[in-house]
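What follows is a predicted structure for the sequence shown.
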Amino acid sequence: MTDTHPPRTGLGLAVAAAAMLVVAGGGAFWYATQRNAAANPEAPADMTVSVGAETCDPRDITVPGGNRSFRIVNASDRPIEWEILDGVMVVAERENIAPGFRQTLTVQLAPGDYAITCGLLSNPRGTLHVTPSDEAAVAASEVTLRKFLGPLSEYRVYLVLQSAKAVKAAEALREAIAAGDLAAAQAAWKAARIPYRQIEPLASRMADLENAIDPNAVYLAGQEGDPGFTGYHRLEYGLFGQNSTDGLAPVADRLVADLTDLSARLKAVEIDPALLIGLPGAMAGQLATAHVPAGENRYAGNDLDELQASLDGIGKLTGLLRPVLAGVDPGLEGDIGAAQDKAERDLASLKQGDAWPAYDQVTDDRRQQLAGSLTALQTALDRMQPVIGIN
Amino acid sequence: MISPFLRSTALGLALAGPALAADPSLDLVGPLSDYKIFVAENTAQLVSDAEAFTAAIKAGDLDKAKALFAPTRTSYERVEPIAELFSDLDVSIDARADDYEKAEQDPGFTGFHRIEYGLWSEGSTQGLEGHADRLLADIRELDSRITALTFPPEVVVGGAAVLMEEVAATKISGEEDRYSRTDLWDFDANFEGAEKIYTLFRPLIADGEADFVAKVDGNFQAVREVLAKYETPEGGFVSYEELTDSDRNILSAKVNTLAEDLATLRGKLGLG
Amino acid sequence: MRHLAPNRRAVLLALGASGLALAARAQGPVPQVSDAPAAEPRDTARRVPFHGPHQAGITTPRPENGLVASFDVVATSLDDLERMLRLLTDRARFLTEGGPVPDLDPALPPADSGLLGPVIQPDNLTITVALGASLFENRPWLAGLKPARLQRMAQFPNDALDPDLCHGDLSIQFCANHPDSTIHALRDIVKTLSEFLVLRWMVEGDVPPVLADARGATPSARNFLGFRDGSANPDSNDAALMDRIVWTTGPHEPGWAQGGSYQAVRIIRNMVERWDRTPLVEQERIFGRTKMSGAPLDNPDATEHHVPDYAADPEGRAIPHDAHIRLANPRDAESQRHLMLRRPFNYSRGVLPNGQLDQGLLFICYQADLEAGFIAVQNRLNGEPLEEYVKPVGGGYFFALPGVRDKADYLGRALVDAARRT
């Protein structure tokens, strides 16, 4: 455990403990949901994958197409994330699974070949082979795409416009760094994060770019010294951890290039309804289990500002999906609205006057409360897939 | 030139064309969102052009206001299928005198054409300040509503034909910009708006509908050739009064044929 | 801005709802207000042959409904013109012969307006296509091919021509037993030929049906002035007469035009309110006929077909010299040269700005020689007393193409072939 928490804060252990509580709580809720749905508490997963220090067991998986669940067991001594990838696109993921803990991931899978990550980014990937099935065929033919065309298009507009803003903001950051103006660069860094956080639900699934743009030192073998430590947090580390712009220019150049690449990638990506529906819940879950408990901006401490941007990004998605949902399950639509309001209120209650405090001033209780409301939001959002999910 | 393809006649339609998609495909998302970006760019342009236009009115600069009238309108005319989704704003921005019982003297008559009436028929900016303020406020409101709007796919795809129907029904006769005679600017913008939609979705049908695509391409090209004759060196257009009968007939035939053909676009894309 | 028609839909919905209520109460087949009028099956099934040496709709017996539409033609090459004429022929052939409408995917606009249901009934429909002088102007590839007498209609002294109701590159006369058939055919042409034809003006009219007498004969129909119109028309069943009066022949006309006919269309407004306030005696002297029977005034107890004896009335006591029928046809040897075949319909188009009814005569006539026919007769009529009550406001001169001989032929083929040879 000791090498997983941030080195510069004494809160690490407490935060990690809180994270476990949240994970356990979320897991218990998940099991309860599954019990109600399937009346079989003991068999929630189609497949158990154990992730060790260097590999997955099994590493090559075959499942029939359809709605599949995977129980991920972290058998290593580091927190891990587990992802299913279609090319470079993340189909589904679980982040921040603590050592010794397990999480279940349910995903609608179309027949085809996928890759799975196994712990550290440097570990070899496994394969996931999804075979054709009646279930997948029925799922594919159930509902029309038509009512999703508007939301999908609107979200693509959002991605295109916000990613363009992210590029522009990163360019401003690069200029401040090039000018050696630390204060300006720190301000520019904070501003540059906002558009990225807004589109993170999908941006983070471009696995290769995500690893360059937004890697966290904690997931890297060499921590801050790791050559793979690039992107936003590398700049954050320099600007806020080391209070210097020295040596950051090439990192900023690379960030601008990667974001430009991301922008083009987001413009070209084909989003289907299942993905769109899955994005806000996955993002809420990620915030609840990783960002809120542990904090992400270890050096800048501006997590609350970014959490607001993330909620805005989630809100954009739910704003698009709720009209579709309203016609099918108005109760759930109301639940989602209420859960979202609750999360917004919990976050807003942390404001001091008009400003956000540094994240290390947010107590464990408040973090736990916020994580709890985000978990509740995720739970509500994850109920959308069976109601309006189509493939 | 006249396109050599005649397959869109009633018989031609019955004989030609692959079976239509029962449902739209995800391939629509790209063009749909590209269209929204196009619209957003136009409304942003409209806001900044309207700022300059209304400032000229309020400064009492008649010549400048007259010069800015037609170019300001083009951004509106290009995106009319979406802009007119908001009927309250469409009325207050773009209604004509004959939409009101008391015509030009009606207190409800406001927006572009009320200002046009003042600038050309009354030859003055006096009394237009209130209309200018309202126009700018309406345009800003339109811009923000459009930004927040999830575009209905059938409205976007159907918009190409809608624009052509509008030109055919209420514009080709020269009744839109009756005081300023700047109708050709509007035609051009309407055609651009229709062609933008068509061009965005064209790749989705080009393979299976070669004859259709060739015919529509040819008709847009023919329209461009006619309008090009009336362009001024500054990039604008001469008065509608200079449009010859024969060119008006060509535009009329083209716009009706485009309306006829583009009306099938929704069906072809599974949005019937 | 979208310009909307007044919201009639709500009114129609309300009407529909009350119609349903009536239907629900009704027991048995008592016709309701909203029921379609019961048709005579023989009417809609009747077909006028499309193919022949001449176009139908000229010497064909006049049905109840007629419509003339005038178009500008968008055709910048002979190839365009040929495509237009071929397409027009295909549509006219289908519409006049009738048959099922093609079924399209419902996601598309339908192939047909649907006015006549799934199967088009021929309904005695004729479609008669004629060309205006302007078609031949500014088209060098048609140089030298304009029919010799074809010209732009010039203003006569009493005319008040409205430019929006005059001339055109191409006219189409639609005639049928029912107005929905003529409208349906027009809508089809407008839809399918939008690339080539731009509508300039259109007038629809009708003639009242009259009960046949014991021999099955009917009198001439009345116009909106209340007089029988057409009593002195030449016998359209006399083929030799038609060859002389109606069909264009002879070396002075281009070869392609043989078998066609000059068409004069006049939209003649009638001042019906004023006419109705005019003493009957004066009305009858203006026409030269009795109002009820149509008999010429020199023998008011005869029939309308009585031939007036102007030689016996040199001073115009019975029939004034300026009476309409006496000016139009003096019944002398010379007037044989000026005969034409009239085919008019009455029109009624709402209200004029002055609050008077917009009613009149859609005058259509055919002749072998436009100048000897309509133009000469109208010049004789200039200044007639009837002018106080009528005002020509539109129309035009056209040349009706020769007929379509068979399935392989098309309207104007001879013209296109001639243009290709030059």
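It's in.

by contact count, what packs against the helix or strand that C:Ala130 is a member of?
Following DSSP states H and E, one finds C:Ala130 within strand C:126-132. Where contact means 3 or more C-beta pairs under 8 Å, 6 or more residues apart in numbering or on different chains; DSSP states H and E, strand C:126-132 is packed against helix C:78-97, strand C:170-176, strand C:390-400. Bear in mind the C-beta positions are built from the backbone N, C-alpha and C, glycine included.

Let me have these in JSON lines, extended by mean pLDDT and distance to A:Ser244.
Shown next, in JSON lines, are the helices and strands packed on strand C:126-132 (pLDDT from 0 to 100; distance: least, C-beta to C-beta, whole Å):
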{"stretch": "helix C:78-97", "mean pLDDT": "97", "distance to A:Ser244": "75"}
{"stretch": "strand C:170-176", "mean pLDDT": "98", "distance to A:Ser244": "83"}
{"stretch": "strand C:390-400", "mean pLDDT": "97", "distance to A:Ser244": "88"}
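
Highest mean neighbour count out of those?
Ranked by mean neighbour count, the helices and strands packed on strand C:126-132 are led by strand C:170-176 with a mean of 27 (mean count of other C-beta atoms under 10 Å in any protein chain shown).

Quickly list the domain ranges of the chain.
Picked chain A for this. For chain A, the structural domains run A:47-139, A:144-382, going by automatic domain parsing.

Oops, wrong one, chain B.
Recorded structural domains for chain B (assignment: the TED database) are B:26-151, B:152-271.

wait, A:Arg174 sits on A:Ala257?
No - if you go by C-beta atoms under 8 Å, A:Arg174 and A:Ala257 don't touch, sitting 10.1 Å apart.

State the number of residues packed around residue 153.
In the absence of a named chain, this looks at chain A. As a burial measure, A:Ser153 scores 27 neighbours (other C-beta atoms under 10 Å in any protein chain shown).

Sorry, I should have been clearer: chain C.
Burial of C:Met153 is recorded as 23 neighbouring residues (other C-beta under 10 Å).

correct me, but C:Gly168 touches C:Ser70?
Yes - using C-beta under 8 Å, C:Gly168 is in contact with C:Ser70, at 3.1 Å.

Neighbour count for those two, which is higher?
Under the neighbour definition other C-beta under 10 Å, C:Gly168 and C:Ser70 were set side by side, and C:Gly168 has more, 29 against 25.

helices or strands next to the lengthiest helix in chain A in the packing?
If you go by DSSP state H, chain A has its longest helix at helix A:146-178. In terms of contacts (3+ C-beta pairs under 8 Å, 6+ apart), helix A:146-178 is packed against helix A:182-203, helix A:249-268, helix A:273-286, helix A:303-328, helix B:29-58, helix B:153-166.

what about the residue in the stretch 201-350 of chain A positioned nearest to chain C, how many neighbours?
Among all residues of the stretch 201-350 of chain A, A:Pro273 sits closest to chain C, at 21.5 Å; criterion: C-beta to the nearest C-beta. Using other C-beta under 10 Å, A:Pro273 has 23 other residues around it.

Also C:Asn379?
Neighbour count of C:Asn379, defined by other C-beta under 10 Å: 14.

any idea how far it is from C:Ile319?
From C:Asn379 across to C:Ile319, the span is 20 Å (C-beta to C-beta, to the nearest Å).

and the residue in chain B positioned nearest to chain C, which of the three is it?
Nearest residue of chain B to chain C: B:Gly272, at 2.3 Å (C-beta to the nearest C-beta). Assigned state for B:Gly272: coil (three-state reduction, DSSP: H, G, I helix; E, B strand; the rest coil).

Report the contact partners of it.
The contact partners of B:Gly272, by C-beta atoms under 8 Å, 6 or more residues apart in numbering or on different chains, come to B:20, B:266, C:105-108.

circling back: nearest to chain A, of the helices and strands packed on strand C:126-132?
Using C-beta to the nearest C-beta, the nearest of the helices and strands packed on strand C:126-132 to chain A is helix C:78-97, at 35.5 Å.

what about the closest one and chain B, touching?
Yes - if you take C-beta under 8 Å from any C-beta of the partner chain as the test, helix C:78-97 does meet chain B, through C:79-80, C:83, C:87, C:90-91, C:94.
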